[in-house]
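Student: Pasting a predicted model and its sequence here:
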Amino acid sequence: MSLTDSQKWLILTGVALFGLLLYVLAPVLTPFLVAAALAYLGDPLVDKLEARRLSRSVAVVLVFSGLIIVLFMIIAFLVPLLQQELAAFIRKLPSYIDWLQGTALPWIKAQLSLDAPSLNLDSLKQAIREQWQSVGNIAAGVMGSVSRSGLALVGWLANLVLIPVLTFYLLRDWDVMLARIRELIPRRYESTTVRLARDCDEVLGAFMHGQLLVMLSLGTVYAAGLWLVGLEMALLIGMLAGLVSFVPYLGFILGMLVAGIAAAIQFQDVIHLFYILLVFGAGQMLESFLLTPYLLGDRIGMHPVAVIFAVMAGGQLFGFVGILLALPVAAVIMVLLRHAHERYVQSELYADAVESERDG
């Protein structure tokens with residue numbers, strides 16, 4: 001049964017009000033969205049433990065404890081290493097600028113036959129030498145900036161405490177909340193809504209679980225390969241390339257570009273550039289032929305341009321909250337568009353158009 005005009009306007013008004021509410025509450029939604037994402041990731045594990053005749057509470061405690069342990073292990077292992085590499089990079093920035101000013105730029109001007117004026121970067125090098133210690137210590141810098149405002153410190157601590165608390169309660173009551181939402185759906189739309197919700201869950205599950213595993217796997221592969229090459233900032237560049245790989249080919253291009261520049265400055269030869277190309281080529285082949293087909297398949301199917309637009313639009317409209325919501329919302333919209341296309345193909349309007357083409 002089709003919707004009446006008043007029902008359509010009611011739905012549009014509800015969507016508009018929801019968008020306005022999201023815009024107004026964006027500054028306080030971050031811990032709730034992070035907790036909801038963690039609960040969504042953990043719910044399948046809880047369901048599997050329940051199938052083994054464990055109670056929901058016991059299963060939630062086990063999964064929640066596992067999430068906390070993994071999170072702390074990642075923080076304890078990666079953050080100090082990344083901080084050391086970033087501090088080392090900042091310390092060496094003056095030498096990198098010397099290489100750029102004395103080697104790279106003259107070579108580029110000679111190859112392109114340019115008669116451009118020389119750049120004097122001495123003031124920039126001096127500023128870096130004076131400030132690198134304060135910039136290099138990430139933890140001290142963050143805590144120093146936060147502690148300048150008592151309100152900001154309270155908000156930061158509140159989010160830090162809220163996320164695990166919210167995750168635990170959302171994980172415990174996840175199935176109950178879904179059941180309550182299903183009860184609110186009008187009966188005549190229930191079957192269609194449930195089917196769309198399952199399609200959305202399949203796409204979101206593929207993205208949330210599969211894409212995260214692909215990103216972490218690629219980051220590990222890139223970091224290990226660059227470490228074997230001998231690159232000083234292997235972990236930093238490898239993880240950066242892995243994290244941005246949710247946009248197809250962006251991690252490969254950005255990582256190879258940054259690693260190539262770092263290798264040219266560090267080694268100043270061609271053979272290491274070839275090694276860098278091998279590392280990222282192997283990672284790209286691993287992603288294309290193993291990771292993406294095995295972990296993702298063709299369940300997402302979002303075009304790279306759509307991914308880039310979704311992230312940029314979400315950040316522009318709602319800031320960091322918009323970035324968190326961009327790809328999940330885009331995946332849901334994609335499912336709804338597929339459903340709309342199916343309805344259109346089955347409609348009389350499409351059938352009339354096909355018949356008129358045949359008659360013509």
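Tutor: Yep, that arrived. Since the model is a prediction, treat every value here as computed from it, not as a measurement.
Student: Can you classify Arg180 as helix, strand or coil?
Tutor: helix (DSSP: H, G, I helix; E, B strand; the rest coil).
Student: if I look at it, how far off is Leu20?
Tutor: For Arg180, the distance to Leu20 equals 24 Å [CB to CB, to the nearest Å]. C-beta: built from backbone N, CA, C; applies to glycine.
Student: Same check on Ala39?
Tutor: Distance from Ala39 to Leu20, by CB to CB: 26 Å.
Student: Please say which of those two ends up with more neighbours.
Tutor: Neighbours were counted for Ala39 and for Leu20 using other CB atoms under 10 Å; Ala39 has more, 24 against 10.
Student: quick check: domain ranges of this structure?
Tutor: Domain assignment of the chain by automatic domain parsing yields the ranges 25-184, 197-299, 302-360.
Student: Out of those domains, indicate the one that is most buried.
Tutor: Mean neighbour count (mean count of other CB atoms under 10 Å) peaks for domain 197-299 among those, with a mean of 18.
Student: what's the offset of that domain from the middle of its chain?
Tutor: Once both centres are worked out by CA atoms, centre = their mean, to the nearest Å, domain 197-299 turns out to sit 13 Å from its chain's centre.
Student: Next: stretch 37-46.
Tutor: Remark: stretch 37-46 is offset 17 Å from the chain centroid, using CA atoms, centre = their mean.
Student: do the same with stretch 282-300
Tutor: Worked out by CA atoms, centre = their mean, stretch 282-300 lies 17 Å from the chain centre.
Student: Can I get it in PDB, CA atoms only?
Tutor: Extracted as PDB, the C-alpha positions of stretch 282-300 are listed here (Å, rounded to 0.1, in the frame of the first residue of the first chain):
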ATOM      1  CA  ALA A 282      52.600  -6.800  -2.600                       C
ATOM      2  CA  GLY A 283      50.100  -5.200  -0.200                       C
ATOM      3  CA  GLN A 284      47.800  -4.100  -3.000                       C
ATOM      4  CA  MET A 285      47.900  -7.600  -4.500                       C
ATOM      5  CA  LEU A 286      47.200  -9.100  -1.100                       C
ATOM      6  CA  GLU A 287      44.200  -6.700  -0.700                       C
ATOM      7  CA  SER A 288      42.800  -7.300  -4.100                       C
ATOM      8  CA  PHE A 289      43.100 -11.100  -4.300                       C
ATOM      9  CA  LEU A 290      42.800 -12.200  -0.700                       C
ATOM     10  CA  LEU A 291      41.700  -9.700   2.000                       C
ATOM     11  CA  THR A 292      38.900  -7.900   0.200                       C
ATOM     12  CA  PRO A 293      37.300 -11.000  -1.500                       C
ATOM     13  CA  TYR A 294      37.600 -13.100   1.700                       C
ATOM     14  CA  LEU A 295      36.700 -10.500   4.300                       C
ATOM     15  CA  LEU A 296      34.300  -8.200   2.300                       C
ATOM     16  CA  GLY A 297      33.200  -9.900  -0.900                       C
ATOM     17  CA  ASP A 298      30.900  -7.800  -2.900                       C
ATOM     18  CA  ARG A 299      28.500  -6.900  -0.100                       C
ATOM     19  CA  ILE A 300      29.400  -3.300   0.100                       C
END
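Student: Touching that stretch from outside, list them.
Tutor: By CB atoms under 8 Å, 6 or more residues apart in numbering, the residues outside stretch 282-300 that reach it are 202-203, 206-207, 209-211, 213-214, 217-218, 221-222, 225, 241, 245, 249, 252, 331.
Student: Extract the residue ranges of the chain that are flagged as low pLDDT.
Tutor: Scanning the chain for pLDDT under 70 picks out 1-3, 7, 96, 113-157, 296-302, 304, 320, 352-360.
Student: if we can go back for a sec, need the domains of the chain in a markdown table with distance to Lys8, can you?
Tutor: A markdown table is the format used below for the domains of the chain (distance: least, CB to CB, whole Å):
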| stretch | distance to Lys8 |
| --- | --- |
| domain 25-184 | 19 |
| domain 197-299 | 20 |
| domain 302-360 | 14 |
